Each structure stands twice: as structure tokens, then as C-alpha cells.
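J.: Everything below, folded, please.
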Amino acid sequence: IHDHDGHYTERIDPSAFNKAINDAAPAGSRSHWATKVMFNHGRDMYGRPSDRFAMPIGTPQEIRADGRGLLTVTQYARTESADEALELIRAGAITAQSFQGSFLRSDTPTPRGGFKPDKAGNLRSVTRQEISLKEYGPAIFAAYTDAAIVGDRQELMTALEQRPPDHAAALYARLTAPTP
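T.: Residues are numbered from 1 along each chain as shown. Down below sits the predicted model:
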């Protein structure tokens, strides 16, 4: 990672989003998630604020931590920008998923001046232990190569319907299994 905290290797603890998910989940009189779904964090490809992408493109249906990371299920809106994002996902032009939030607790505090490689060029490793979750969604670039969009429901349902039940169960297990 190379960001405002410096240059370092980052790991996200599997429980880092637990409080954020609980706080954002529908509860009481609120029937929707507090977390928003944005395309590219509401920014253009150069990271500048974008009027075009400033509106949410969908609503969360499910957000949970699993063995691979943060699993999200989204109902995309029937808007021009959401349709465009979905078409680019289906075409394979957008494959990344990203989130935005604050690092509330880490195993190593950020030193004054940020993290820097040591004299041998080795990077400091930081484990994020608690992270807030403001928004997530498809992104042009992601910090993690594993932060991927695995498909859309229509694509997955079509694939599952064309397979025998035991193959469908195996496919589902493979898609939801933790990565080594």
C-alpha cells in the first residue's frame, strides 16, 4: 500500500469490519443499510471528485465478513450509471471492488512522517484490526488484487441452473471458500 500513511504492507484482520457491519445493518426503524454503494468511490479514474459518480448506484442487500474478506450482495438501481457499471462488469472491463472507511485500530500506530521502507527496502507490515465502512462498490483500481467482483446474480443463477445439483453445490462451495 502506498497512501497517506506511507509505504507499507497491509493485512486486514478477518474481524476488522464486524462492528462496522453491525452498526450499518438495518435495525429498529431503519429498513436500509447505512453503508452506500458507489462507483469508484464517487471519483473519476484520477481520484478527483466526480459529479457523474456522486450518486449511489445501488443498495446493499447483505454485507458480511467471510473467510475471504468482505462479502457484499448489492441490488443495483435501474439508472443509467448503475446500468453502465453493470455492463462494464459483465464485459470484464471492471473487475475490482473497493471500500472506503477509516482505520480505527491497527496493531502498529502510524509513525510521524508515515511508514517508510527500512534501509534494506523492506516494508513495515500493518494489520488493520477495526475499520469503519462508509461505502463500497465497483472500482477502476483496487488496493488488493483479491478484492474482486465474482459475478452478478443473473450470471451465477444461469451457471448454477445449467449444472447438476452436486456440481452447483461444489461451485457454490468453491466461490465462498476462504482463499489460501
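J.: quick one: contacts of stretch 16-30?
T.: Residues lying outside stretch 16-30 but in contact with it, judged by CB atoms under 8 Å, 6 or more residues apart in numbering, are 32-35, 60, 63-65, 70, 101, 128-133. Every residue, glycine included, has its C-beta placed from N, CA and C.
J.: In space, what's closest to Thr35 - neighbours in sequence excluded?
T.: Closest residue to Thr35 in three dimensions, ignoring its sequence neighbours and counting by CB to CB, 6 or more residues apart in numbering: Ala24, at 4.4 Å.
J.: List phi and psi for the one you found.
T.: Ala24 has phi and psi values of phi -90, psi -20 when expressed as degrees, to the nearest 10.
J.: From Leu71, how far off is it?
T.: Plainly put, Ala24 is 14 Å away from Leu71 if you go by CB to CB, to the nearest Å.
J.: Please apply the same query to Arg11.
T.: In this structure, Arg11 and Leu71 are 18 Å apart, going by CB to CB.
J.: any idea of the pLDDT on His167?
T.: If you check His167, the pLDDT there is 66.
J.: The chain: helices as residue ranges?
T.: 18-24, 80-91, 153-161, 165-176 (DSSP state H).
J.: Check these for me: which has the lowest mean pLDDT.
T.: Between the helices of the chain, the lowest average pLDDT goes to helix 153-161, which shows a mean of 56.
J.: in the sheet, who's paired with Ala65?
T.: With DSSP bridges applied, the residues forming beta bridges to Ala65 are Leu70.
J.: burial count for it?
T.: 17 (other CB atoms under 10 Å).
J.: In terms of pLDDT, where does it sit?
T.: As predicted, Ala65 sits at a pLDDT of 89.
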